[in-house]
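> sequence and predicted structure below; questions after.
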Protein chains: 2
Amino acid sequence: MAFELRCEQEITDWYAECDVAVVGFGGAGACAALEAAYAGAKVAIFEAASAPGGSTALSSAELYLGGGTTIQRACGYDDHPDDVYGYLMDANGPQADAEKVRAYADDGAEHLDWLMAQGVPFKASEYPHRAMLAMTDDCLLYTGSEKAWPYSDRYKHAPRGHNLHIEGDNGGPLLMDILSKKVQALGVDVHCEARALHLIVDHFGPAQRVIGIVIREDMVERAWRVRRGVVLCAGGFVMNNAMVQRWAPELLRATVPIGNANDTGGGIQLGLSAGAAAINMHEGFVSLPFYPPASLTFGILVNGQGQRFINEDAYHGRVGSYILRQQGPVYFILNVEDYGDYERVSYLGAPVAGTGETLAELAAELTLPPGQLESTIARYNDDMSEGADALFHKAGEWLKPLNGPLVAIDCTPGNGAYFPYFTLGGLDTTVDGQVRTPGQTVIPGLYAAGRTACGIPRRGDGYASGTSIGDATYSGRRAGRHAAQLRFSNAESSS
Amino acid sequence: MAFELRCEQEITDWYAECDVAVVGFGGAGACAALEAAYAGAKVAIFEAASAPGGSTALSSAELYLGGGTTIQRACGYDDHPDDVYGYLMDANGPQADAEKVRAYADDGAEHLDWLMAQGVPFKASEYPHRAMLAMTDDCLLYTGSEKAWPYSDRYKHAPRGHNLHIEGDNGGPLLMDILSKKVQALGVDVHCEARALHLIVDHFGPAQRVIGIVIREDMVERAWRVRRGVVLCAGGFVMNNAMVQRWAPELLRATVPIGNANDTGGGIQLGLSAGAAAINMHEGFVSLPFYPPASLTFGILVNGQGQRFINEDAYHGRVGSYILRQQGPVYFILNVEDYGDYERVSYLGAPVAGTGETLAELAAELTLPPGQLESTIARYNDDMSEGADALFHKAGEWLKPLNGPLVAIDCTPGNGAYFPYFTLGGLDTTVDGQVRTPGQTVIPGLYAAGRTACGIPRRGDGYASGTSIGDATYSGRRAGRHAAQLRFSNAESSS
């Protein structure tokens, strides 16, 4: 049976021993291994793929960090941890984990410094555009909805997305190259093409302690005895269609699962086999990546009722989540001048649904209740003359009358627009990565980090780019450090 | 540790034995006990409260059943299981369990006959009003959104809510009185003030089998050996605030948890202790119980943007779920003539937010973007002249211009309106109530039914009254029958 729990007394042949075993060599696993090694632990790391990287290497490796990072300060931003905390708590809604968010907000500056100390380069510069990431080698940009309603008036904002010092969308490979070399340099025992199959406990039943792991490598199963802790950093489950169907079926209205091929929920299933709770499993990130070009933000989104439903200056993930809640078609309505270089620079792939020299011409091409688009746009244009979006509070810099010629882009899910998605649920952990049971008891010797755990980002409609890699690297560090017992005596931790 | 799993070898003193142990004596538990007893099993049932009843006795005991029940046929309705299946699958969205819904649709008529055979009375009459239940002794009424968009054109509809033959909101006590007397008459060993504390397994670890249960009764803990199966029918978790916070925090925007005091998730926690999966835990029923008076349905609901967001002839639970997704205030706008006997007959308790001889007067009293309510109502009234609600497709019988004098009722969550809620997540079970692990393996000897399991109703926005009691009684029967092994040989089932 896949991932079935094993018991110490069943193991007749132990292959090797270590203090800390890390499962998965992406961003979380690398940082867990590093901190465990710095703490003096003998560390082994196991990666199912043939090389390190995980989903972090496939990502842009933006890091959402604030509270006054080295780079923020160099760029003249005075960001306070309380504003990071306030925004992240609000954006992640009732699911937010206050203890984790507090630590993440307080330690943002320290975490960036730590990454820089590992050799990860950041340039003290800002990319002052509405974009998903900096395609230049600049560092700092807004990657959430901080400047957008309803958050803009609630918390002092600052750009918190930190891009690595490299041109183009190449942060992920660079980050993982640096971290994985550091892991090797520290003498961590690295195993690729090594898949974790089973956790091993000292006994079956209440208060069981994780004391090892079965790894398949070189086509044989090998039992590793783990003296301190197993840290599960094996990603989420977006590539496991059966798991998504079971736990997060609403995500399947989106179109493209984002992750590496091994994001099949194996880490979560290993945790569950040992009695862990998995929480927030229905939630996911869903995006309508409609900028660049930022000029689309001058347009309006309307649903099948011809109504607007969101301020279009919100983060693309928030927009994507709202689109999935609409019934019927969804159109982005633009002045042709703001369509601009959409076809050249956009990731969106959404087809044009209609064009018109006049609003009436455009409306005739769309499937909407007669007259409603006209009414919605009249309201929007009237509000422009007052200088404010009275309905959805789109910021003034994105307000401009829609007076045509007009174009409508079809953003209806399933009609061609690119809706990437990934999962946000995972094992329930403490701020130090200790995995908990449904009764909130810590399972001794078991840790999780990155998307195998349920961490900082917990809602698609509150997501900000950089919270996944930020959380993965930070939570990996916490888990690795705790597993290595930097803060705990051997007496307390031994069973 | 509460609900901690116990192992056979730890038990030194067995208090008693039975074939089937049922935990919880509400609608699900009663039906599980009955079917197990009919199948020849020696049955014991344990109820934490001092008398049978559970949440079923507190409910109206409507039963959502179709496909051509005795009563439907007597009232001239030709309902087909495929239409029940189609509607329930659609309404429960991507979470719907096709196998369960298929069985429930196919067995609707049989299930009603079975209840009648137990002595539960239903009158062959219809209550042809838009209401939450029949306050007369009539039986049949519409209790979902079958006649409302977007379902009305997709499936042939029929009334499927079956009320017991009794005046007023007294179906629950009558149903439980009849079922509990039948349970007693069949010689089931009934224990009230008896709380289930721990499941007992034959061994700890993979393939463990549930073989008993620890019950606290008369202030002592007693181990019961259970030869065939333990059936958990202990309700949901809506009364456990910590569990709701953890698993379904969005429900806490609603105001009043609905259930009995022991709906604290104990059954779910017992299942989890034995390695079960709990699924769909974030979902719940939320209602804005705005009818009667049905005349409010002539009005329109608007959100903080002054926009309509739903067809107001939808089921009150669908309306409640949509309200919880809106930002800012929510108002019900009515002609004063349709306000009617709201204050006398309504359950809603929502305050009046404003009144006006004219629309302009009313609008001035509400917190909405200037002019938007006027525009929304102009559109609505224009559509009336065409005889159709072009935006939300409210059925023609509920269309009437809003031409004032007008009144606005404040339906903003937290402003006084009654928003009842309960949970819809629970243990993952087969159609026969067998509890499954996260890896989809059946846990031998363990069953769940009613709201301890995740059953037919899985979404607040697709809920229909009567699916809880319908599902509880039906799933209880299936679980009790399977646990008693009516369909399985002793050889196969013994460990």
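Now that the structure is in, tell me what you want to look at.
> do any residues in the longest strand anywhere in chain A lie close to chain B?
Longest strand in chain A, counting residues (DSSP state E): strand A:220-232. No - applying CB under 8 Å from any CB of the partner chain, one finds strand A:220-232 out of contact with chain B, separated by at least 14.4 Å. Yep, even glycine has a C-beta here, placed from its N, CA and C like the rest.
> chain center to the host helix or strand of residue A:385, what's the gap?
With secondary structure defined by DSSP states H and E, residue A:385 is part of helix A:372-386. When C-alpha coordinates are averaged (CA atoms, centre = their mean, to the nearest Å), helix A:372-386 and its chain have centres 36 Å apart.
> partners of whichever helix or strand comes after that helix, with directions?
Using DSSP H and E, the next helix or strand after helix A:372-386 towards the C-terminus is strand A:406-410. Its sheet considered, strand A:406-410 pairs with strand A:331-335 (antiparallel), strand A:352-356 (antiparallel) by DSSP bridges.
> got these as TSV, with mean neighbour count, distance to residue B:322 and mean pLDDT columns?
Listed next are the strands paired with strand A:406-410 as TSV, based on neighbours: other CB atoms under 10 Å in any protein chain shown; distance: least, CB to CB, whole Å; pLDDT from 0 to 100:
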stretch	mean neighbour count	distance to residue B:322	mean pLDDT
strand A:331-335	24	22	97
strand A:352-356	17	26	96
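> let's have these in CSV, adding distance to residue A:231.
As requested, the strands paired with strand A:406-410 are exported to CSV (distance: least, CB to CB, whole Å):
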stretch, distance to residue A:231
strand A:331-335, 43
strand A:352-356, 48
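> quick one: closest of those strands to residue B:302.
strand A:331-335 (22.4 Å; CB to CB).
> quick one: whichever helix or strand comes after the closest one to chain centroid distance?
Sequence-wise, the next helix or strand downstream of strand A:331-335 (DSSP H and E) is helix A:336-339. Counting by CA atoms, centre = their mean, helix A:336-339 is centred 31 Å from the centre of its parent chain.
> now do the phi/psi pair for the residue of the stretch 51-200 of chain A found nearest chain B.
Nearest residue of the stretch 51-200 of chain A to chain B, counting by CB to the nearest CB: residue A:94, 3.4 Å away. The phi and psi values for residue A:94, taken as degrees, to the nearest 10, are phi -70, psi -10.
> that one contacts residue B:248, doesn't it?
No - Residue A:94 is beyond contact range of residue B:248, at 9.1 Å (criterion: CB atoms under 8 Å).
> more neighbours: these two, which one.
residue B:248 (24 against 15; other CB atoms under 10 Å in any protein chain shown).
> correct me if wrong: that one contacts residue B:426.
No - taking contacts as CB under 8 Å, residue B:248 lies outside contact range of residue B:426: 11.3 Å.
> which residues do these two both contact?
Counting by CB atoms under 8 Å, 6 or more residues apart in numbering or on different chains, the common neighbours of residue B:248 and residue B:426 are residue B:281.
> helices and strands around the helix or strand hosting residue A:272, which ones?
Per DSSP H and E, residue A:272 falls inside helix A:266-273. When contacts are defined as 3 or more CB pairs under 8 Å, 6 or more residues apart in numbering or on different chains; DSSP states H and E, helix A:266-273 sits against strand A:195-201, strand A:220-232, strand A:278-279, strand A:426-427, strand A:442-448.
> may I see the buried residues of the helix or strand harbouring residue A:87?
Secondary structure assignment for residue A:87, by DSSP H and E: helix A:81-91. Neighbour-count burial for helix A:81-91, counted by 16 or more other CB atoms under 10 Å in any protein chain shown, picks out A:81, A:83, A:84, A:85, A:86, A:87, A:88, A:89, A:91.
> and for stretch A:238-257?
Quick answer for stretch A:238-257 (16+ other CB under 10 Å): A:238-240, A:243-244, A:246-251, A:254-255, A:257.
> cool, and stretch A:190-198?
A:190, A:191, A:194, A:195, A:196, A:197, A:198.
> give me the neighbour count for residue A:158.
Neighbour tally, residue A:158, other CB under 10 Å: 23.
> before we move on, what about the one 5 residues further on?
Neighbouring residues of residue A:163 were enumerated by other CB under 10 Å; the total is 30.
> got the residues of the stretch 1-150 of chain A near chain B?
Neighbours of chain B within the stretch 1-150 of chain A, by CB under 8 Å from any CB: A:1, A:2, A:3, A:4, A:5, A:7, A:93, A:94, A:95, A:150.
> so the third one makes contact with residue A:266?
Which is residue A:3. Yes - Residue A:3 lies in contact with residue A:266 (CB under 8 Å); the separation is 6.9 Å.
> residue contacts, residue A:355?
Applying CB under 8 Å, 6+ apart, the residues contacting residue A:355 are A:336, A:361, A:362, A:365, A:405, A:406, A:407, A:408.
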